[in-house]
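> could you work out the structure for the sequence below:
(chains A, B and C)
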Amino acid sequence: MDASQTLQTLLDREAIAGVIRAYCYHFDRNEPDAVAALFAPDAVVDYGPEAAVLHGVAAIHKAVAAGLANTFAATSHHVSNMDIRFDTTETAHSVCYLYAWHRYHSGAPDGELWAQYHHQFLRTPEGWKITRLTLKAAGTKDFHRATMHPIGRV
Amino acid sequence: MDASQTLQTLLDREAIAGVIRAYCYHFDRNEPDAVAALFAPDAVVDYGPEAAVLHGVAAIHKAVAAGLANTFAATSHHVSNMDIRFDTTETAHSVCYLYAWHRYHSGAPDGELWAQYHHQFLRTPEGWKITRLTLKAAGTKDFHRATMHPIGRV
Amino acid sequence: MDASQTLQTLLDREAIAGVIRAYCYHFDRNEPDAVAALFAPDAVVDYGPEAAVLHGVAAIHKAVAAGLANTFAATSHHVSNMDIRFDTTETAHSVCYLYAWHRYHSGAPDGELWAQYHHQFLRTPEGWKITRLTLKAAGTKDFHRATMHPIGRV
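Alright, predicted model coming up:
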């Protein structure tokens, strides 16, 4: 075991976990600028088959800001089961679980989502950035999307 | 990177996370003595605008014990999204997410809470202790409090 | 502080957390072979007083596969509050919290479970394996089990 390299891996894992947490925190506080700042310029986000795949940080910013302004009155994104793996020293991918609660501007019943975030990350001079985010759902209740990418249950 | 200092930071972060976990575990088992032991003598707890701010471990113990005895028949406090930051080598603050489920002695419907704990910590000879705890809510369902401190969604 | 031993402990803790996460991930994807592979040959699983205690990995595989095939149409197992402690360098035990959501083949309402996993682990040449798993519940809603092992609330 190379101690210095192992320590670096532990620090990188915590830094990447911090990006995932920051996404939740800023999303739930309706801070789309701070959410968008977590993504690489050419990042791709796929929230599911009912929404257009978002290409690039400008498109991500616009979609997140619109959702936060028009759809959600309040949200809470609880992430756990974080499994972060390094592909190279500069790239990583992860799966984490998401339990999310949503209150709607429409007055519709609160929506719940039991899901997974599948992330890819790139180390940059400004820290780890998200290069890809795909949302896959195990189930929903009163959610504003009827169809989601599945988690792959056979 | 100073390896020894980095290791100490990782150990301190795990120790602080352990204090947050112990709060949940002992609260859910109705062990107010063990909950109170996690706080510094002059700790301050603010559970929200409907409850008096608690000053000092004796007041915290009394309020927690009363809630556990009179209000809650069962609870489960699930914490995640733990973001722990050090202000000095002896002090830290953190934000974590809380999803809590509550069954009431009154027979009222089970209450759910989607929230954040905002903590401050102090290193003491007996380990890290909570010096401040503020509860902020994103949302509630059938909760016994109608008004909570907000998470700051704009 | 022995840096090398401390690093090993941090890596072991992450490896054990990875076993718990893998249990959830493979269970939710209906992959009973992968779930069973996480257990030691003579592992014991106790899901509660309404189910027979499972002795050995073959019995665990059979019970998990049956539940996944016959009872659950979808599940999502969100684990948090992971408290992992080492008894020796080769053995460990842990408590973590579980919030689980279940959709049933029967068409019964979705079941929710607020609970704890109590695990024991053994280091083997093939990595950490679960030697014991006991499920204890704080509460349930529309769950397919009426009686669970309690978390020990007094």
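> could you point out the longest helix in chain A?
Ranked by residue count, the top helix of chain A under DSSP state H comes out as helix A:3-28.
> quick one: that helix to helix B:3-28, angle?
50 degrees (axes from the mean of the first three to the mean of the last three CA atoms, to 10 degrees).
> helix A:3-28: what's the following helix or strand?
Remark: after helix A:3-28, the chain's next helix or strand is helix A:32-36, criterion DSSP states H and E.
> which stretches in chain A count as strands?
Along chain A, the stretches classed as strands by DSSP state E are A:39-46, A:54-55, A:72-86, A:91-104, A:111-124, A:127-141, A:149-150.
> and chain A, which residues reach chain B?
Contact residues, chain A versus chain B (CB under 8 Å from any CB of the partner chain): A:3-4, A:7-8, A:10-11, A:14, A:18, A:21, A:24-25, A:28-31, A:74-80, A:99, A:101, A:103, A:110. (Each C-beta comes from the backbone N, C-alpha and C, glycine too.)
> ok, of the residues you listed, which come out buried?
Using 16 or more other CB atoms under 10 Å in any protein chain shown as the burial test, the residues of chain A next to chain B include A:7, A:10, A:18, A:21, A:24-25, A:28-31, A:74-80, A:99, A:101, A:103, A:110 as buried.
> sorry, back to before: can you say which of the strands of chain A is nearest to residue C:85?
Closest approach to residue C:85 among the strands of chain A (CB to CB): strand A:72-86, 19.6 Å.
> next, the angle strand B:91-104 makes with that closest one.
Comparing the axes of strand A:72-86 and strand B:91-104 via the same axes, to 10 degrees yields an angle of 120 degrees.
> identify the residues contacting residue A:153.
Taking CB atoms under 8 Å, 6 or more residues apart in numbering or on different chains, we find residue A:153 in contact with A:138, C:28, C:29, C:30, C:74.
> hang on, isn't the third one packed against residue A:152?
Yes: here residue C:29 reaches residue A:152: they are 5.5 Å apart, a contact under CB atoms under 8 Å.
> mind checking pLDDT for the closest residue to chain B within chain A?
Here the residue of chain A nearest chain B is residue A:76; by CB to the nearest CB that distance is 3.6 Å. Looking at residue A:76, its pLDDT is 98.
> quick one: it and residue B:114 touch, right?
Yes: with contact defined as CB under 8 Å, residue A:76 reaches residue B:114; the gap is 3.6 Å.
> mutual contacts of those two, please.
Common neighbours of residue A:76 and residue B:114 (CB under 8 Å, 6+ apart) are A:101, B:97, B:99, B:138, B:139.
> nearest to chain C, of the residues you listed?
Looking across the shared contacts of residue A:76 and residue B:114 and measuring by CB to the nearest CB, the closest to chain C is residue B:99, at 6.6 Å.
> what number of residues lie near the residue nearest to residue A:36 when sequence neighbours are not counted?
Once flanking residues are discounted, residue A:36 sits nearest to residue A:61: 3.7 Å by CB to CB, 6 or more residues apart in numbering or on different chains. By other CB atoms under 10 Å in any protein chain shown, 17 other residues sit near residue A:61.
> farthest pair in the contacts of residue A:153?
Maximum pairwise distance among the contacts of residue A:153 (CB to CB): 11.0 Å, between A:138 and C:30.
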